[in-house]
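S.K.: here's my sequence, what's the structure:
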Amino acid sequence: MAVKVFVKTLTGETLTFIFTEEEFKRTRVLQLKTKITQTGGIPGKISLGYRLSFNGRELEDQRLLSDCGVKPEDTIHMIPGGNGAGVCTIQ
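M.R.: From the prediction side, this is the model:
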């Protein structure tokens, strides 16, 4: 079964990413950022100049999306810059 995750970009556009269930379980935040860059969601040269946020918490690159509470059909938000506050941690 296909799993969709949405990303709201800095320009307000919503990107849709489709994963298999198994792929979704293994997807890390950094892998999603790579997919965003590959689809043209943000130019590669500024790909490090943004963060991804879900439910008001920054998502760390090495974390699995599922560890941060992201579920199928959820929307992750792209936000500019970063200071490390509110980082998603595994509990």
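S.K.: name the helices or strands packed onto the helix or strand residue 76 falls within?
M.R.: Here residue 76 sits within strand 75-80, counting by DSSP states H and E. Contacts defined by 3 or more CB pairs under 8 Å, 6 or more residues apart in numbering; DSSP states H and E place strand 75-80 against strand 2-8, strand 50-54. For every residue, glycine as well, the C-beta is placed using N, CA and C.
S.K.: that one vs strand 50-54, what angle?
M.R.: When axes from the mean of the first three to the mean of the last three CA atoms, to 10 degrees is applied, the directions of strand 75-80 and strand 50-54 differ by 150 degrees.
S.K.: partner strands of strand 75-80, parallel or antiparallel?
M.R.: Note on strand 75-80: by DSSP bridges, its sheet partners are strand 2-8 (parallel), strand 50-54 (antiparallel).
S.K.: now that strand, how far from the chain's geometric center?
M.R.: Put simply, strand 75-80 sits 7 Å off its chain's centre (CA atoms, centre = their mean, to the nearest Å).
S.K.: pLDDT averaged over it - what is it?
M.R.: Averaged over strand 75-80, pLDDT sits at 93.
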